[in-house]
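Trainee: missing the sequence, but the structure's below:
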């Protein structure tokens, strides 16, 4: 029998790991420069935590059997887990809290098919305890810095505003609202045209569906709708953010007020980061503002604002696969230490330790015996090991370069 990982899972081999770490380390450097600190939360959570008050559908969660009859699941994303940890384990911490993560998540899509991926790798941030313009702008500028660190130039941000979009949908009958929302999310004009709506509501749905493009044009279109004072204030806030983003040169942005995310906990701006790859357009990141999520987990139900984003590392890899900086091979070993005979074992280990202590970047292998001199040299060439240290019984060392 040939053993394979379960359907939807995969192994990461050394080159996969080297490339994944290259991406993570560059993102981490940017996170650090912006003052973010790493958090690691549990892979397993209670289902009521993972579902975030119904914002995350149950069918997206891979559930686990528990002998205590407790409903548990594997996290399908990180925001809910970090929100839970922040208001329980970090209660009383000075706000704002800037947190980042590198983690695997597990998610089953509604149209699950055999061998479709269910495990994914993500890296992202959560900025907790601060609402408003500056926090929104910080997260979007942080995204731009991250992509610059990865030398990813062909990208753009699709920016929506969940609060505006949700309020515009409130005008529709309650029994049709979810259908209209789903049709807009999937750009499904056919469904909208066939719903039992008045002509004014049908035109409203068409207008919402068309609220995408250049920022100034979209703002002009939405102002043609009959906005109440709260909606107008949200539009004004969004315009202030757009004006601030415009001060950064080459910030590629498409405003899309029809943008509706799968996980429905966003209350303010919501966005996707999109890049062109060999396989087509890829969403490499996603995020938004969620000002009511933390209250679900807070012991006193206190509202604490939050905003964050996540990068999908598999998609990021596809976007930068041709980058000359991305590792194309695993790091080579620098030294192979070979004991001449059993009397030289102690000296060989001591010399290998000396080499390792000389630099935290050096890689040193010990030859484990059973090979001839020629086989040792061939092994070193095959593994691109730069130097062989032959350790003699009297403790003397003979250095041989394999690169000649």
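Mentor: Yep, it's here. In this text, all values refer to a predicted model and were calculated from it rather than measured experimentally.
Trainee: CA atoms for contacts and neighbours, from now on please.
Mentor: Will do.
Trainee: for the closest residue to residue 303 other than its chain neighbours, what are its contacts?
Mentor: Spatially, and ignoring its direct neighbours in sequence, residue 303 is nearest to residue 295 (4.7 Å; CA to CA, 6 or more residues apart in numbering). Residues near residue 295 by CA atoms under 8 Å, 6 or more residues apart in numbering: 301-304.
Trainee: Same list (those) but as a markdown table, adding pLDDT and neighbour count.
Mentor: As requested, the contacts of residue 295 are exported to a markdown table (pLDDT from 0 to 100; neighbours: other CA atoms under 10 Å):
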| residue | pLDDT | neighbour count |
| --- | --- | --- |
| 301 | 89 | 13 |
| 302 | 90 | 14 |
| 303 | 91 | 15 |
| 304 | 94 | 20 |
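Trainee: Going by distance to residue 97, which of these wins?
Mentor: The closest of the contacts of residue 295 to residue 97 turns out to be residue 304 (CA to CA; 10.9 Å).
Trainee: contacting residues around the closest residue to the closest one other than its chain neighbours?
Mentor: Spatial nearest neighbour of residue 304, excluding adjacent residues (CA to CA, 6+ apart): residue 129 at 5.4 Å. Contact partners of residue 129, counting by CA under 8 Å, 6+ apart, are 95-97, 304-306.
Trainee: repeat for residue 318
Mentor: Per CA under 8 Å, 6+ apart, neighbours of residue 318: 277-278.
Trainee: So it, which state does it fall into?
Mentor: helix (DSSP: H, G, I helix; E, B strand; the rest coil).
Trainee: try residue 258
Mentor: Going by three-state DSSP: residue 258 is coil.
Trainee: Can we start the residue count at 73 from this point?
Mentor: In the new numbering, first residue 73, that becomes residue 330.
Trainee: ok so, going back, and the residue nearest to residue 376, what pLDDT?
Mentor: At residue 201, the model reports a pLDDT of 95.
Trainee: With residue 186 instead?
Mentor: So residue 186 comes in at 61 (pLDDT).
Trainee: Mind telling me the two of the contacts of residue 367 farthest from one another?
Mentor: 373 and 376 (9.2 Å).
Trainee: and the nearest residue to residue 259 once chain neighbours are set aside, how many neighbours?
Mentor: In this structure, residue 259 finds its nearest non-sequential neighbour in residue 281, 6.6 Å apart by CA to CA, 6+ apart. By other CA atoms under 10 Å, 23 other residues sit near residue 281.
Trainee: can you pull the contacts of residue 281?
Mentor: Each residue near residue 281 by CA under 8 Å, 6+ apart is listed here: 256, 259, 261, 330.
Trainee: mind listing which of these are in helices?
Mentor: Taking DSSP state H, the ones among the contacts of residue 281 that sit in helices are 256, 261.
Trainee: out of the contacts of residue 281, who has the most neighbours?
Mentor: residue 330 (25 neighbours).
Trainee: Does the residue nearest to residue 375 belong to a helix, a strand or coil?
Mentor: Residue 367 - assigned by three-state DSSP - is helix.
Trainee: got a pLDDT number for it?
Mentor: Taking residue 367 on its own, its pLDDT is 93.
Trainee: before we move on, what about residue 345?
Mentor: Per the predicted model, pLDDT is 97 at residue 345.
Trainee: which residues sit in contact with it?
Mentor: 227-230, 355-358.
Trainee: Select only the buried ones of those residues in ChimeraX?
Mentor: If you want just the buried ones from the contacts of residue 345 in ChimeraX, going by 16 or more other CA atoms under 10 Å, the selection is:
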select :227,228,229,230,355,356,357,358
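Trainee: Strands - which of the contacts of residue 345 land there?
Mentor: 227-230, 355-358 (DSSP state E).
Trainee: Count the residues that sit near residue 166.
Mentor: 8.
Trainee: same check, this time on residue 209
Mentor: 15.
Trainee: What of residue 299?
Mentor: 15.
Trainee: quick one, helices of the protein?
Mentor: So, for the chain - with DSSP H - the helices run 86-105, 119-122, 151-160, 205-221, 234-241, 246-257, 261-266, 271-281, 287-294, 301-317, 385-392, 417-430, 445-454.
Trainee: Which strands or helices does the second one pack on?
Mentor: Packing contacts for helix 119-122, counted by 3 or more CA pairs under 8 Å, 6 or more residues apart in numbering; DSSP states H and E, involve strand 144-146, helix 151-160.
Trainee: TSV please, covering the ones you listed and showing mean pLDDT and distance to residue 272.
Mentor: Shown next, in TSV, are those (pLDDT from 0 to 100; distance: least, CA to CA, whole Å):
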stretch	mean pLDDT	distance to residue 272
strand 144-146	93	44
helix 151-160	94	38
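Trainee: got CSV for these, with mean neighbour count too?
Mentor: Shown next, in CSV, are the helices and strands packed on helix 119-122 (neighbours: other CA atoms under 10 Å):
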stretch, mean neighbour count
strand 144-146, 21
helix 151-160, 21
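Trainee: what would those look like in a markdown table with distance to residue 412?
Mentor: What follows is those, written out as a markdown table (distance: least, CA to CA, whole Å):
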| stretch | distance to residue 412 |
| --- | --- |
| strand 144-146 | 52 |
| helix 151-160 | 55 |
